[in-house]
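**Q** Fold the following.
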Amino acid sequence: MVENGKGRLLVVGGNQPYLKSLSHHLEEAGYRAAQMEESPWTPERFKSEPPDMLLLDLRTPDLNPARFVAQVRADEGLRDTPIVLLAAADDLTGVEQCLALGAEDYLLAPFSPTLLKSQVHDYLEIARQRHEARDRAKRDELLKIEHDLQVARLIQAGFLPTELPQPAGWEIAARFQPAREVAGDFYDAFTLSQNRRIGFVIADVVDKGVPAALFMALVRSLTRAFARQNYSLSWADVLEENRPQRGGASHKGRGHAVPSTGTNALKNAVQLTNSYITDNHGEMNMFATLFFGMLDPSNGQLAYINAGHNPPFIIRPDGMVKAALKGTGPAVGMFPAADFRIEYAQIDPGEVLYAYTDGVTEVRDAARGFFTEKRLLTILNRPADSAAALLDHIEGALQQFMTGAVQFDDITMIAVRRMRAS
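**A** As a prediction, this is how the structure comes out:
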């Protein structure tokens, strides 16, 4: 196949004497064409370099013209390529079959040089117009997709809180940096138990792109809705009966009283979200790691469920890690009837709880090395003046580490800091 300014022509057929005359006439008109002279007669042979026009000889031995035309029209990259048939008077039945399958026109032998040149010119122009129309359609479709993604991003941004609750003596800050137009991460924070508790959530859907964003919206909406519903006393009674007592084994010797209000909302938010997803959307095979904390601002007591998420850290004022809040159940949406255990922790004055998604530690540099938890802990060991300042330091370190690389995953962080008494 030879290119020139007038297009690319391919003659499909055996080495018939009249094909030499045809090629001569095309060369006189300034065209150059290649010839496929032997089997297999399949479009696969020229698919990688598609011609602008095909001339198909119906009298070629072992060639099934109708099948060939059907194969060309079924191929996404070739379906707009004009096909002109080269036939004899006794080939009209085959001509009709091929025209019905998508061939554009035909020439009967002996070929008229003037008519041949005219048809080649006309159908190359048709091919050019088809390609332009197809390119315009692709551009329009891409613009529509881009517009839809921008709208989706705005809608998704509406799921994130515009303001975080800031109870007296506390500071709550968050950062969210999606890797694509839409994300599978989210964070949330809201008041519960008649404003006596603060619920905060950070989650990571195990997928990317639009499917993860839709699943994120589902998980976020369910957890918030179930957490804020009013439940019968029986739920609270069950939780109170199963709650570890002060100094008990499940309390891990922290020596603090456990929260007495709101744990039914915490339990239901995760348990019912998991049940709804596995019952109604189990075929999606999607799930989300999630940390849901229930904070009592009056004394720093924290009840939490860690559903397969990275353990958040409680950082002391000197920068040392006081506790890592490890998993208390599987990821949400993974197993029907999964059990999510409530655990407890204490945030004392000057301490910060830092939670993050794995997009933080799995940030890559230009050499494809990971940021790692070790680097993260190094930054956490440097005391910050506020929760926002801590997240700023981490965000700056991540951006510096990513220099020359592309962000691979969503980055989401939340910090809850208890201020020292003045």
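
**Q** what ranges do the helices span in this structure?
**A** Using DSSP state H, the helices assigned to the chain run over residues 17-28, 65-74, 92-101, 113-157, 209-228, 233-242, 263-280, 358-361, 372-380, 387-401.

**Q** Could I get the contacting residues of the closest residue to residue 117 other than its chain neighbours?
**A** The shortest distance from residue 117 to any non-neighbouring residue, by C-beta to C-beta, 6 or more residues apart in numbering, is to residue 29 (4.6 Å). The C-beta positions use only the backbone N, C-alpha and C, and glycine is treated the same way. With contacts taken as C-beta atoms under 8 Å, 6 or more residues apart in numbering, residue 29 has the following neighbours: 117, 120, 121.

**Q** go with 10 Å
**A** With contact taken as C-beta atoms under 10 Å, 6 or more residues apart in numbering, residue 29 is in contact with 6, 113, 114, 116, 117, 118, 120, 121.

**Q** Then residue 176?
**A** 156-157, 160, 183, 185-187, 202, 357, 410-414.

**Q** where does this protein have low pLDDT?
**A** Applying pLDDT under 70 to the chain flags residues 1-6, 15-16, 147-149, 151-158, 181, 230-262, 422.

**Q** Which members of the contacts of residue 176 are classed as buried?
**A** With neighbours counted using 16 or more other C-beta atoms under 10 Å, the contacts of residue 176 contain these buried positions: 156, 160, 183, 185-187, 202, 357, 410-414.

**Q** Could I get the full set of strands for the stretch 251-400 of the chain?
**A** Using DSSP state E, counting those that start in this stretch, the strands found in the stretch 251-400 of the chain span residues 288-296, 301-307, 313-315, 321-324, 343-346, 352-356.

**Q** now the ones you listed as a markdown table including distance to residue 384?
**A** Converted to a markdown table, the strands of the stretch 251-400 of the chain look like this (distance: least, C-beta to C-beta, whole Å):
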| stretch | distance to residue 384 |
| --- | --- |
| strand 288-296 | 19 |
| strand 301-307 | 20 |
| strand 313-315 | 9 |
| strand 321-324 | 14 |
| strand 343-346 | 20 |
| strand 352-356 | 8 |
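
**Q** So for residue 335, which of the ones you listed sits nearest?
**A** For residue 335, the closest of those is strand 301-307, at 10.6 Å, according to C-beta to C-beta.

**Q** In terms of secondary structure, what does the closest one contact?
**A** Strand 301-307 makes packing contacts with strand 197-205, helix 263-280, strand 288-296, strand 343-346, strand 352-356 when contacts are defined by 3 or more C-beta pairs under 10 Å, 6 or more residues apart in numbering; DSSP states H and E.

**Q** Give the buried residues for it.
**A** If you call a residue buried by 16+ other C-beta under 10 Å, then strand 301-307 has these buried ones: 301, 302, 303, 304, 305, 306, 307.

**Q** I'd say the fourth one and residue 324 touch.
**A** When you say that, I think you mean residue 304. No - counting by C-beta atoms under 10 Å, residue 304 sits too far from residue 324 to count as a contact (11.9 Å).

**Q** Give me the common contacts of those two.
**A** Residues touching both residue 304 and residue 324 (C-beta under 10 Å, 6+ apart): 312, 345.

**Q** any chance of the contacts of residue 176 in JSON lines, plus distance to residue 67?
**A** What follows is those, written out as JSON lines (distance: C-beta to C-beta, whole Å):
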{"residue": "156", "distance to residue 67": "49"}
{"residue": "157", "distance to residue 67": "53"}
{"residue": "160", "distance to residue 67": "56"}
{"residue": "183", "distance to residue 67": "48"}
{"residue": "185", "distance to residue 67": "51"}
{"residue": "186", "distance to residue 67": "53"}
{"residue": "187", "distance to residue 67": "58"}
{"residue": "202", "distance to residue 67": "58"}
{"residue": "357", "distance to residue 67": "54"}
{"residue": "410", "distance to residue 67": "49"}
{"residue": "411", "distance to residue 67": "54"}
{"residue": "412", "distance to residue 67": "55"}
{"residue": "413", "distance to residue 67": "60"}
{"residue": "414", "distance to residue 67": "62"}
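
**Q** Which members of these are positioned in strands?
**A** 185, 186, 187, 202, 411, 412, 413, 414 (DSSP state E).

**Q** Make sure the fourth one is actually in contact with residue 312.
**A** Yes - using C-beta under 10 Å, residue 202 and residue 312 qualify as a contacting pair, with a distance of 7.8 Å.

**Q** Mind listing the shared neighbours of the two?
**A** 291, 293, 355, 356, 413, 414.

**Q** ok, the fourth one - how many residues close by?
**A** Neighbouring residues of residue 356 were enumerated by other C-beta atoms under 10 Å; the total is 27.

**Q** Might one say that it is in contact with residue 202?
**A** Yes - here residue 356 reaches residue 202: they are 7.2 Å apart, a contact under C-beta under 10 Å.

**Q** tell me, what's touching the two both at once?
**A** Between them, residue 356 and residue 202 have 185, 187, 291, 309, 310, 312, 412, 413, 414 as joint contacts when contacts are counted by C-beta under 10 Å, 6+ apart.

**Q** what are the bridge partners for the second one, then?
**A** Residue 187 has these beta-bridge partners by DSSP bridges: residue 202.

**Q** cool, and the third one?
**A** Partner residues in beta bridges with residue 291, using DSSP bridges, are residue 202, residue 306.

**Q** Can you name the residues that contact it?
**A** Taking C-beta under 10 Å, 6+ apart as the contact definition, residue 291 lies against 187, 200-204, 270, 304-312, 325, 327-328, 353, 355-357, 414.

**Q** Excluding covalently adjacent residues, which one is nearest to residue 42?
**A** residue 71 (6.6 Å).

**Q** Tell me, how many residues neighbour the one you found?
**A** Neighbourhood size, residue 71 [other C-beta under 10 Å]: 17.

**Q** Equivalent analysis for the one 5 residues further on, please.
**A** Using other C-beta under 10 Å, the number of residues around residue 76 comes to 7.

**Q** so how far is residue 141 from it?
**A** As for residue 76, its distance to residue 141 is 14 Å (criterion: C-beta to C-beta, to the nearest Å).

**Q** Can you list the buried residues in stretch 383-394?
**A** When burial is assessed from 16+ other C-beta under 10 Å, stretch 383-394 yields the following buried residues: 384, 387, 388, 390, 391, 394.

**Q** on that earlier part again, need the buried residues of strand 301-307 in TSV (columns: distance to residue 93).
**A** What follows is those, written out as TSV (distance: C-beta to C-beta, whole Å):
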residue	distance to residue 93
301	88
302	83
303	82
304	78
305	74
306	74
307	69
